[in-house]
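**Q** Quick one, what's the 3D model for this:
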Amino acid sequence: MKLNNGEILNSKEPLEELIRQKFPVRTALALLKLARKLDEVLIPAQEVRNGLIRTYGSPNKDNPALIEVRPDSEGFAKYCEELGELLSEEVELVLKPVAIPDTVEVSPATMVALEKFITVA
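**A** Numbers count the residues shown, from 1 in each chain. Prediction:
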């Protein structure tokens, strides 16, 4: 399956939300394997994104421990350009969509974020 880093990043929270629900053993295991497979790509991409924030960001006025890239900052355009490159980078993963029971309640936003990764059985 061909994906880009942005699709994988956008699936992280919805997948975590789904994993917190109870499923039959096979479905639970398949979801866990899916999450781990996506993490193989996600973790390095997040490290690069954090590096971009450190490079182009500055400490928040109210919380100096928080580094942020402000739209009015000098490096904002370059940050956006490099972040766009990172998020659009394509990766090839061998994934089998996970079938979840149609009795599971999932928000439409979660379904949109996970449409490439799950099917409804």
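**Q** On the pLDDT front, check residue 39 for me.
**A** pLDDT, residue 39: 95.
**Q** Kindly report the same for the one 5 residues further on.
**A** The score at residue 44 is 96. That number is its pLDDT.
**Q** Run a quick neighbour tally on it.
**A** When counting by other C-beta atoms under 10 Å, one arrives at 11 neighbours for residue 44. C-beta here means a position set from N, CA and C on the backbone, and glycine is covered the same way.
**Q** other SSEs contacting whatever helix or strand it lives in?
**A** When secondary structure is defined by DSSP states H and E, residue 44 falls within helix 25-56. Contact analysis of helix 25-56 by 3 or more C-beta pairs under 8 Å, 6 or more residues apart in numbering; DSSP states H and E lists helix 5-19, strand 67-68, helix 76-88, strand 98-100 as its packing neighbours.
**Q** Packing partners of the first one?
**A** Read that as helix 5-19. When contacts are defined as 3+ C-beta pairs under 8 Å, 6+ apart, helix 5-19 sits against helix 25-56, helix 76-88, helix 108-114.
**Q** Nearest to residue 13, out of those?
**A** Judged by C-beta to C-beta, the one of the helices and strands packed on helix 5-19 that comes nearest to residue 13 is helix 108-114, at 7.8 Å.
**Q** before we move on, the earlier item: quick one: the helix holding residue 44 to chain centroid distance?
**A** Mean C-alpha position of helix 25-56 versus that of the full chain (C-alpha atoms, centre = their mean, to the nearest Å) differs by 7 Å.
**Q** Can you point out the buried residues in it?
**A** Of the residues in helix 25-56, those buried by neighbour count under the rule 16 or more other C-beta atoms under 10 Å are 27, 30-31, 34-35, 37-38, 41-42, 45-46, 49, 52, 56.
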